[in-house]
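1. coordinates for the following, if possible.
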Amino acid sequence: MSAANWSEVVQKMISRRMHDEALRGVMEAAGLTILDLTADDAERAARLWQQTHTRGLSLGDRCCLALADRLHVPAVTTERLWDQLDLGIQVHLIR
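-> Numbers count the residues shown, from 1 in each chain. Here you go, the predicted structure:
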């Protein structure tokens, strides 16, 4: 998971008053790895805007896709819309 997407998770937890400072440690112990975004990732996310802005993808969504593209792994999401995009990035729906 990118650091940008981890920030989104923490923000949602805080907004629901559910954030626990130990959450990251628990998630990392379960196998989650939080990766930095590179300047190239940021530029890739920006370029994805042209193909996705009419579909409502956020900066966080595009950062996730850019990281998946760099690592040559599927982007994991619950957003069915991503599976309909033709970006050359593999998407794995989890529900």
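2. model confidence for the residue nearest to the spatial centre of the chain, exactly?
-> In the chain, the residue lying closest to the centroid (C-alpha atoms, centre = their mean) is residue 64, at 2.9 Å. For residue 64, the pLDDT comes out at 96.
3. also residue 6?
-> 93.
4. which strand or helix spans it?
-> According to DSSP states H and E, residue 6 maps onto helix 3-15.
5. I figured the residue nearest to the centre of the chain hits residue 5, correct?
-> Yes. The criterion here is C-beta atoms under 8 Å, and residue 64 meets it with residue 5 at 5.3 Å. C-betas here are computed from N, CA, C, even on glycine.
6. ok so, going back, helices or strands next to the following helix or strand past the helix holding residue 6 in the packing?
-> Next along the chain after helix 3-15, taking DSSP H and E as the criterion, comes helix 23-29. The elements that helix 23-29 packs onto, with contact taken as 3 or more C-beta pairs under 8 Å, 6 or more residues apart in numbering; DSSP states H and E, are helix 3-15.
7. send me the helix it packs on as PDB with only the CA atoms.
-> This file holds the C-alpha atoms of helix 3-15, laid out as PDB (Å, rounded to 0.1, in the frame of the first residue of the first chain):
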ATOM      1  CA  ALA A   3       1.900   6.000   2.000                       C
ATOM      2  CA  ALA A   4      -0.800   8.200   0.300                       C
ATOM      3  CA  ASN A   5      -3.300   5.400   0.600                       C
ATOM      4  CA  TRP A   6      -2.300   4.600   4.200                       C
ATOM      5  CA  SER A   7      -3.000   8.300   4.900                       C
ATOM      6  CA  GLU A   8      -6.500   7.800   3.500                       C
ATOM      7  CA  VAL A   9      -7.100   4.800   5.800                       C
ATOM      8  CA  VAL A  10      -6.000   6.700   8.900                       C
ATOM      9  CA  GLN A  11      -8.100   9.700   8.000                       C
ATOM     10  CA  LYS A  12     -11.200   7.600   7.600                       C
ATOM     11  CA  MET A  13     -10.500   5.900  10.900                       C
ATOM     12  CA  ILE A  14     -10.000   9.300  12.600                       C
ATOM     13  CA  SER A  15     -13.300  10.600  11.000                       C
END
